[in-house]
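Asks: give me the fold of what follows.
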Amino acid sequence: MKDEFGSKLNELLVDTFNSISKMEESSLQARHKNKLSISEYHLLESVGKAGPEGRTISDIALDIGITTASVTVCVNKMVKKELVEKVRCSEDGRVVFVKFTREGRRINAGHRLFHEHLANNIKKEFTQEELIVLIRCIEKLNKYFKKDTYCRQQ
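Replies: So this is what the prediction gives:
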């Protein structure tokens, strides 16, 4: 029984993740007519969390869970695409902030809108009681994935 449960849970998690990714990618490509990857959209999302002052490379790396070197490479590509700009801190020149350009802000707003529509459409599929249980379950799953216990057990 446990093996059947584990197998079914794995199938559902992988299928759900892939379905959301495909839906997000096709929706954003159709809306913005650009060639950004999902990773680039998520980097823009992280930049937007700080407001107009921007975020540092290390803040973005911590937020999205990748190395600062990877963030730097992605940010440099996005500077060339004119979606973000790098601005040195006036108090400490070693610190660089990543900020939106007008186009980056517009694309990020479209990405946020996708997530809002997704949540609102999912909400329509459930009763109020089911939504409470769904949120509780997803919070537990999220907490589990953030602990990264799987890697420590190997």
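Asks: wait, is residue 99 part of a strand?
Replies: Yes: judged by DSSP: H, G, I helix; E, B strand; the rest coil, residue 99 forms part of a strand.
Asks: which pLDDT value goes with it?
Replies: Model confidence at residue 99, given as pLDDT, is 95.
Asks: tell me which residues touch it, please.
Replies: By CB atoms under 8 Å, 6 or more residues apart in numbering, the contact list for residue 99 reads 47, 52-54, 84-87. C-beta coordinates here come from the backbone N, C-alpha and C atoms, glycine included.
Asks: and if we set it to 10 Å?
Replies: 47-48, 50-55, 84-87, 105 (CB atoms under 10 Å, 6 or more residues apart in numbering).
Asks: just flag the most distant two among these.
Replies: 51 and 86 (16.7 Å; CB to CB).
Asks: which one of those two has more residues nearby?
Replies: Ranked by neighbour count (other CB atoms under 10 Å), residue 51 and residue 86 place residue 86 first, with 15 against 10.
Asks: make sure residue 85 is indeed in a helix.
Replies: No: under three-state DSSP, residue 85 falls outside any helix and is assigned strand.
Asks: show me the shaky parts of the protein.
Replies: 1-2, 32, 34, 148-154 (pLDDT under 70).
Asks: now the strands: where do they sit in it?
Replies: 55-56, 84-88, 96-100 (DSSP state E).
Asks: residue 40 touches residue 78, doesn't it?
Replies: Yes: the pair residue 40 / residue 78 is scored as a contact, 6.3 Å apart, by CB atoms under 10 Å.
Asks: overlap of the contact sets of the two?
Replies: 84, 107.
Asks: just the buried positions in stretch 73-87, please.
Replies: Residues of stretch 73-87 classed as buried: 74-75, 78, 81, 83-84 (neighbour count, 16 or more other CB atoms under 10 Å).
Asks: ok, now stretch 93-101?
Replies: Buried residues in stretch 93-101, counted by 16+ other CB under 10 Å: 96-100.
Asks: for whichever helix in the chain runs longest, the distance to its chain's centre please.
Replies: In the chain, taking DSSP state H as the definition, the longest helix is helix 2-32. Relative to its parent chain, helix 2-32 has a centroid offset of 15 Å by CA atoms, centre = their mean, to the nearest Å.
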